[in-house]
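**Student:** missing the sequence, but the structure's below:
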């Protein structure tokens, strides 16, 4: 269905010519799911954009071919390419907020695809759009079809993106992180839907993801990508049973779960090297525990290790395996034992956030959307409370309301005390002072970073505003060190947000929140856009800061691997209410509520055979 040969993509950047994809060759069969995995910045998303010829103005396909059912789409004129996009080959984008048209209803955006590529028109197309919204798990699809993207949660917008991509039932779908913003139950629905479509339509899928548990559940074959190159290709069962490349081995060691609680997660030092250079040797050499002299002198070739298993590494260059890759010993480093519960940082009692429904010429209030309807919890110094639940259950609304970001937009009642201070009664300088102590990491990093500011300005802005006692020289050095801590080089300080991948932008958002050294961080899906290795770096950093500074976290997430590793306590939300709360041990192993049990059952698990 899809055959890619020597695909090479180049971008003109201020730093020079960047070779984002370097001679990539892949073949995807009819009905097959081929997973492309690797670190943020490795070229996965750029591969997807190259295939569909959706590169930015600064990019071009410098060589290679992309064959879809016998047609090399690289040679098609743009007019014919528009017939292919959506009908023959489609894409589910990573960031729905920047992919959906904000001035069109979601229903119109779906019917646009249906009417462009099928014979359906008018009411029939609208009915089909409603059907797609229902299939991807949007509640009340008949009503929500007329909503605009801003009226939907992050997870719901991602579901709309999936409906748009699948609306014309294409032969090949490129899914770029299709379930990143989704909770586990909807994620399970979407993955089941994609599987069902593959069976019925014999659809081929290129799945780009950093979630190895999803890869294990969905993929038939796997390609591991690093610095623009494929470094390992194998059948999925073979890849998970016996990863060969040192990079692959380290990725598995970096996965968070309950068994690694109390230990540092394995993380790969440094970051992906810049691709605006000519590489003399192996691109992974500077980060590899198994590096040899020859690794710096010559690039390894992609060679066959066994049937349907190829690897780009000198460890396997020859008839015999030289030795097994080294596991990152960082995982074995014990973290300090959690201290005794300290004083309460945040205490929330009977907290309600109701959004008024206004109608008529005078916009009278005729009802309320009870987004949060009486939740109570507390977080002590140095503790992590994980707030979990489905998309739209009110988790993000809790976080925003606590930081007083919904004043004037919602009716808020109940109490929220930050170190004994009632947050809802603070104003002016008092509220500014309180914000030194509490910060937020938003779910969508692209929407929360100012596109007109450079990274150094973004990171220094909060420090200069909330910590005027810090001198400019100390401020500059602090943000530079913090940038390195979250896995980015100091050279990133002079760049703009659009020059980074989704995962790298999330690291910037985390660095910005940490810059003012808060007592409490409200983290709204802070690792959802991060690949496994960088997620390990961030989790280690958050854990280390908690041990050193006593920072408390309200951790809003749907990643139960992260919950198992990081959380001391768990609160489960559904429809604006807390349905169950307790210690992580009790919730994970002895859930009492049926909804909690359903959530845990839907979590994809990575079970590796020996």
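**Tutor:** In hand now; what should we look at? Being a predicted model, the structure only gives us computed values, none of them experimental.
**Student:** which stretches of this structure have low pLDDT?
**Tutor:** Applying pLDDT under 70 to the chain flags the ranges 180-181, 318-341, 502, 529, 607-610.
**Student:** Could you list the domains of it?
**Tutor:** Split into domains by automatic domain parsing, the chain comes to 2-101+168-241, 102-167, 246-332, 344-602.
**Student:** now those in JSON lines, with mean neighbour count?
**Tutor:** (C-beta placed from N, C-alpha, C; glycine too.) JSON lines is the format used below for the domains of the chain (neighbours: other C-beta atoms under 10 Å):
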{"stretch": "domain 2-101+168-241", "mean neighbour count": "20"}
{"stretch": "domain 102-167", "mean neighbour count": "19"}
{"stretch": "domain 246-332", "mean neighbour count": "17"}
{"stretch": "domain 344-602", "mean neighbour count": "19"}
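**Student:** all helices of the stretch 501-610 of the chain, in order?
**Tutor:** In the stretch 501-610 of the chain, the helices defined using DSSP state H, counting those that start in this stretch lie at 502-514, 532-549, 560-566, 584-589, 594-602.
**Student:** Compare those and report which one is nearest to residue 218.
**Tutor:** If you check each of the helices of the stretch 501-610 of the chain against residue 218 by C-beta to C-beta, helix 594-602 wins as the nearest, at 14.4 Å.
**Student:** before we move on, the earlier item: now for the helices of the stretch 501-610 of the chain, which one comes closest to residue 156?
**Tutor:** helix 594-602 (17.3 Å).
**Student:** Who are the packing partners of the closest one?
**Tutor:** helix 184-201, strand 569-574, strand 577-583 (3 or more C-beta pairs under 8 Å, 6 or more residues apart in numbering; DSSP states H and E).
**Student:** would a markdown table of these with distance to residue 296 be doable?
**Tutor:** Output for these, formatted as a markdown table (distance: least, C-beta to C-beta, whole Å):
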| stretch | distance to residue 296 |
| --- | --- |
| helix 184-201 | 41 |
| strand 569-574 | 47 |
| strand 577-583 | 49 |
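**Student:** of all those, which lies closest to residue 496?
**Tutor:** Nearest of the helices and strands packed on helix 594-602 to residue 496, taken as C-beta to C-beta: helix 184-201 at 31.6 Å.
**Student:** Name the next helix or strand downstream of the closest one, please.
**Tutor:** Next helix or strand after helix 184-201 toward the C-terminus (DSSP states H and E): strand 204-208.
**Student:** Now do that next one: which elements does it pack against?
**Tutor:** strand 16-28, strand 33-38, helix 44-51, strand 172-176, helix 184-201, helix 212-218.
**Student:** and of these, who's closest to residue 409?
**Tutor:** Among these, helix 184-201 sits nearest to residue 409 (C-beta to C-beta), with 25.7 Å.
**Student:** Do you have the helices of the stretch 251-400 of the chain handy? List them.
**Tutor:** Under DSSP H, counting those that start in this stretch, the stretch 251-400 of the chain gives helices at 293-297, 395-402.
**Student:** Who are the packing partners of the shortest one?
**Tutor:** Using 3+ C-beta pairs under 8 Å, 6+ apart as the contact criterion, helix 293-297 has no neighbours among helices and strands.
**Student:** quick one: it to chain centroid distance?
**Tutor:** 34 Å (C-alpha atoms, centre = their mean, to the nearest Å).
**Student:** which residues in the stretch 351-500 of the chain form strands?
**Tutor:** Applying DSSP state E, counting those that start in this stretch to the stretch 351-500 of the chain gives strands spanning 364-380, 384-389, 411-418, 421-422, 438-441.
**Student:** residues contacting the residue nearest to residue 292 when sequence neighbours are not counted?
**Tutor:** Closest residue to residue 292 apart from its sequence neighbours, by C-beta to C-beta, 6 or more residues apart in numbering: residue 314 at 6.3 Å. Shown in contact with residue 314 (C-beta atoms under 8 Å, 6 or more residues apart in numbering): 282, 292, 294, 295, 300, 322.
**Student:** Next: residue 274.
**Tutor:** Taking C-beta under 8 Å, 6+ apart as the contact definition, residue 274 lies against 15, 18, 491.
**Student:** quick one: the strands in the stretch 51-200 of the chain?
**Tutor:** Going by DSSP E, counting those that start in this stretch, the stretch 51-200 of the chain shows strands at 59-68, 71-72, 89-92, 172-176.
**Student:** Including distance to residue 518, could those go into a markdown table?
**Tutor:** Compiled in a markdown table, the strands of the stretch 51-200 of the chain are given as follows (distance: least, C-beta to C-beta, whole Å):
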| stretch | distance to residue 518 |
| --- | --- |
| strand 59-68 | 39 |
| strand 71-72 | 54 |
| strand 89-92 | 35 |
| strand 172-176 | 33 |
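**Student:** hang on, the earlier thing: save the helices and strands packed on strand 204-208 as a markdown table, and put in distance to residue 560 too.
**Tutor:** Formatted as a markdown table, the helices and strands packed on strand 204-208 follow (distance: least, C-beta to C-beta, whole Å):
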| stretch | distance to residue 560 |
| --- | --- |
| strand 16-28 | 30 |
| strand 33-38 | 20 |
| helix 44-51 | 24 |
| strand 172-176 | 21 |
| helix 184-201 | 7 |
| helix 212-218 | 10 |
